[in-house]
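Asks: Sharing a model that was predicted from the sequence below.
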Amino acid sequence: MASEMATTLRVRSRIPRSVPYTAAALVIALLLLGVPQFMNAMTLGAIYALIALGYTMVYGIIELINFAHGDVFMVGAFASLWVLTTPLGLLDRPMNDPLQLAVTLAAVVIPVMLFMGLVGVIIERFAYRPLRHAPRLAPLITAIGVSFILQNIIQVVFGPSPHPTPQIFPKVDVLSVPSFNIGDFAVAGGTVRGLNLTIIVAAVFLMAVLQLFVGRTRLGRAMRSTSQDREAAALMGVDINQTIAITFFIAAALAGAGGVIYGLYFGSVQFNLGFFTGLKAFTAAVLGGIGNTVGAAVGGFVIAFIEVFAAQLGYSRWSEVAVFSVLILVLVFRPSGLFGQALGERA
Amino acid sequence: MTARTVAPRGTGSPRTAFFQFTREHRSLSIILAWVVIGLALPAIVLLPPLSTFQNQVVWVDGFALSGVYILLALGLNIVVGFAGLLDLGYAAFFAIGSYTFAFAASPQAITHLNIPFWPMLVVGALVAALFGILLGAPTLRLRGDYLAIVTLGFGEIVPAIFLNADAYTKGTNGIGGIPQPQLPCVGSVCVHFTFLDPFPFYVTMLGILAVVMILIYRLQDSRLGRAWMAIREDELAAASSGINTITTKLLAFALGASTAGFAGVFSASKLGNVTPDQFQFAVSFTILAMVVLGGMGNIWGVVIGAFTLYTIQSVLLKELNQFFQGQHVPILQNIDFVQYQYLLYGLALVGMMLLRPEGLFPSNRRRRELHQEAAEDTELAPPTQEIGDS
């Protein structure tokens, strides 16, 4: 019973009770990190959260760690680079007209999300669906294979060196916070860039839409029922193949959005960026309790804060070690994650 | 186990006699096989198409290094093939073996221990096994796919530690000056291990491979080996039959890790240096591809898979580059084939899983397991074979 509960996609979670804690944690993080690093962590967290959602949804519905998901995100970053440079022909020229900026963003985000969704569906159709009834090891190995195929295709098409992404956001600060002291403790002030704010708002918007979609729509209900009991769902008239395909579409589209954000924020993309980013996002999904969409989003931000904290303390080289140690510790001591229910231990 | 239940059909033909001999004298056949292979390989590369690629010394050097990958694949096969645990950070144990020897032997390491090669071969394996237990003990009760991710994380942490703890490991530069094995002279016969002469390494590697393979075959047929396969096929049933699944899995982890430690010591000594980038995820991935391609669970299949992939990656792709650069073939001459290496492995993994999950050279048991529907059909058919057997 417990193991069946564990892998279902859950929309409502124990989050509401922890809202005050979350708020308190954010305030403490803000005070410790100071404004610029806090915004950094929030932006990074938004990217991780968008990817982590894909891991958690796919795992929730077919119990597969979609190892290629990090690379789907990477392909999304390159797709966004391509759209920005080739059809739109944009250079590193900030757009000061908000309307022009918004239209450009839409012209990048929408096609990239659709395209990546399609890529996700294709991967599912050809690499995972034939193995749905195979031993667990088989689709996992296939997923690793797909991950390397995606990396290699991008490496061959774009080359192995990092590519600069056009920076279309104006360097405009929307908010300026002065430094202040609480007792003897100094809190670093700073400015908040429009880019950061846009990214965070957009990511939260996408997550909210997803939440509504899974919780309130017919297709979302089909997804939840498929993840609870595939056969019973099929008997109730749910088209299982279609539902799983839609899950992959959404997961990959969100990763694509993450890719667009990554390019805009970091200004440079490389063929191997999906590996570590994907692994961190997976850690986020596990931390939040795999199968739990809200948990994955929260986990994304937690991982980002851990990483930025490590960098703040001067251990940026160790940030990856820190994140993976978190992953191992969570899996060993609390495999159900922060917000998940008890996981069955048997495969 | 599996081999012995097959009834001897048509006794008398040379083929059957051969298989009967290999069944009854398995250890001897393994030694004989490696002697034959060991003699044949340096001779084959003197023949035309192969001799035109590179000269014999370079070939033998490559064979000695391919032995490292064969060892690694054999070790991973214990974990993935026998026990069915997906280890994605296997290169970490390889790294631990290599760095253990570097710390123990290299005069450039901060430890200045100067311990010779031969005892370290065993110590390296033991240290790697210890880390296998340290990683496995808390994590092996996780579900299979979680275990894969934990091992992946471990596989990233270990090289990252060797990279970042540069006060001890010299970071990116790694530790150089690792000594080669030394043997005392017997009478006037002296063997010198040098970078220029790969033959002593080659022969040592053949010996190591023969010993490791004999041990692994014996493990496979032992009580422990049968317990591994029982766990792989149905963990709950295995536990119900009285198998201590945690200990059994831990032993698979430790023995797999020790093989990698073995390979690590040899490789460190052969290359003369260790750097963190020798142990990237791509290495774990390559070894996994070798095991999957050769056939999970099949010892000789894994050896062939590892040897084939290593030769493809280290010789064939480079040769294709040179070949097409010389010719003026429009598209092909501009392609760098070496950079398609991982695309090739990725396609191999996906293709194998979809079309032939048991590998090119499957073990009988693994094939039955991976084609469950087919196996169920045969179970319905009258078991003629077993009747003839008993």
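Replies: Here it is on my side, so go on. Keep in mind it's a predicted model, so treat the numbers as computed, not measured. Numbering: from 1, shown residues only, chains lettered A, B, ... in the order given.
Asks: Can you pull up the most central residue in the chain?
Replies: No chain in the question, so chain A it is. By C-alpha atoms, centre = their mean, chain A has its centre lying nearest to residue A:51, at 1.9 Å.
Asks: that's the other chain; I wanted chain B
Replies: Residue closest to the average C-alpha location in chain B (C-alpha atoms, centre = their mean): residue B:73, at 1.8 Å.
Asks: Nearest residue to that residue in space, please, no chain neighbours.
Replies: Distances taken as C-beta to C-beta, 6 or more residues apart in numbering or on different chains put residue B:306 closest to residue B:73, at 3.8 Å, once the chain neighbours are dropped. Just so you know, the C-beta spots here come from the backbone N, C-alpha and C atoms, and that holds for glycine as well.
Asks: which ones are touching that neighbour?
Replies: When contacts are counted by C-beta atoms under 8 Å, 6 or more residues apart in numbering or on different chains, residue B:306 touches B:66, B:69, B:70, B:72, B:73, B:74, B:287, B:290, B:291, B:294.
Asks: Apply 6 Å and report the result again.
Replies: Neighbour list for residue B:306: B:69, B:70, B:73, B:290 [criterion: C-beta atoms under 6 Å, 6 or more residues apart in numbering or on different chains].
Asks: Can you flag which of those residues belong to helices?
Replies: Of the contacts of residue B:306, the ones assigned to helices by DSSP state H are B:69, B:70, B:73, B:290.
Asks: The closest residue to chain A within the stretch 51-200 of chain B: neighbour count?
Replies: As assessed by C-beta to the nearest C-beta, chain A sits closest to residue B:153 within the stretch 51-200 of chain B, at 3.8 Å. If you count neighbours by other C-beta atoms under 10 Å in any protein chain shown, residue B:153 ends up with 27.
Asks: Look up phi and psi at residue A:191.
Replies: When read as degrees, to the nearest 10, the backbone of residue A:191 gives phi -110, psi 160.
Asks: Give the helix, strand or coil label for the residue nearest to the centre of chain A.
Replies: Under DSSP: H, G, I helix; E, B strand; the rest coil, the three-state class of residue A:51 is helix.
Asks: list the contacts for residue B:193?
Replies: Contacts for residue B:193 (C-beta under 6 Å, 6+ apart) come out as B:180, B:181, B:200.
Asks: try 10 Å this time
Replies: Residues near residue B:193 by C-beta atoms under 10 Å, 6 or more residues apart in numbering or on different chains: B:117, B:179, B:180, B:181, B:182, B:183, B:199, B:200, B:201, B:204, B:269, B:270.
Asks: next one: residue B:278
Replies: Residues counted as contacts of residue B:278 (C-beta under 10 Å, 6+ apart) are B:91, B:94, B:95, B:98, B:159, B:162, B:174, B:264, B:267, B:268, B:271.
Asks: separation between it and residue B:95?
Replies: Counting by C-beta to C-beta, to the nearest Å, the separation of residue B:278 from residue B:95 is 7 Å.
Asks: Please enumerate the shared neighbours of these two.
Replies: B:159, B:162, B:264, B:268.
Asks: Could you look up the SS state of the spatially closest residue to the third one that is not a sequence neighbour?
Replies: I take that to be residue B:264. The shortest distance from residue B:264 to any non-neighbouring residue, by C-beta to C-beta, 6+ apart, is to residue B:97 (2.3 Å). The three-state label given to residue B:97 by three-state DSSP is helix.
Asks: Look at residue B:97 and say how many residues are nearby.
Replies: With other C-beta under 10 Å as criterion, residue B:97 counts 34.
Asks: thinking it is in contact with residue B:103, fair?
Replies: No: with contact defined as C-beta atoms under 10 Å, residue B:97 does not count as touching residue B:103 (11.1 Å).
Asks: Where do the helices of the stretch 1-150 of chain A begin and end?
Replies: Per DSSP state H, counting those that start in this stretch, the stretch 1-150 of chain A carries helices over the ranges A:2-6, A:15-33, A:35-62, A:69-85, A:98-123, A:137-158.
Asks: I'd like the average pLDDT over the first one.
Replies: The reference is to helix A:2-6. Across helix A:2-6, pLDDT averages out at 45.
Asks: wait, residue A:335 sits on residue B:149?
Replies: No: if you go by C-beta under 10 Å, residue A:335 and residue B:149 don't touch, sitting 11.0 Å apart.
Asks: Wait, residue B:318 touches residue B:338, no?
Replies: Yes: using C-beta under 10 Å, residue B:318 is in contact with residue B:338, at 6.2 Å.
Asks: follow-up on the earlier one: tell me which of the contacts of residue B:193 fall in helices.
Replies: Going by DSSP H, the helices hold B:117, B:199, B:200, B:201, B:204, B:269, B:270 from the contacts of residue B:193.
Asks: right, and the second one touches residue B:59 too?
Replies: No: at 11.2 Å, residue B:199 and residue B:59 do not qualify as touching, with contact defined as C-beta under 10 Å.
Asks: List the buried residues in the one helix or strand residue B:342 maps to.
Replies: Element membership of residue B:342, judged by DSSP states H and E, is helix B:341-355. Using 16 or more other C-beta atoms under 10 Å in any protein chain shown as the test for burial, helix B:341-355 gives B:341-350, B:352-354.
Asks: what do you get for stretch A:103-119?
Replies: Within stretch A:103-119, the residues that qualify as buried are A:104, A:105, A:108, A:109, A:111, A:112, A:113, A:115, A:116, A:117, A:119, counting by 16+ other C-beta under 10 Å.
Asks: Chain B contacts on the stretch 51-200 of chain A?
Replies: Residues of the stretch 51-200 of chain A lying close to chain B (C-beta under 10 Å from any C-beta of the partner chain) are A:59, A:63-65, A:67-68, A:123, A:126-128, A:130-131, A:133-153, A:155-156, A:159-160.
Asks: Filter the residues you listed down to the buried ones.
Replies: In terms of neighbour count (16+ other C-beta under 10 Å), the buried residues within these are A:59, A:63-65, A:67-68, A:123, A:127-128, A:131, A:134-153, A:155.
Asks: Neighbour count: residue B:199 and residue B:59, which is higher?
Replies: residue B:59 (22 against 15).
Asks: hang on, the earlier thing: return the per-residue confidence for the residue nearest to residue B:264.
Replies: For residue B:97, the pLDDT comes out at 93.
Asks: dump the residue contacts of it.
Replies: Contacts here follow C-beta under 10 Å, 6+ apart; on that basis residue B:97 touches B:72, B:120-121, B:123-129, B:131, B:257-268, B:274.
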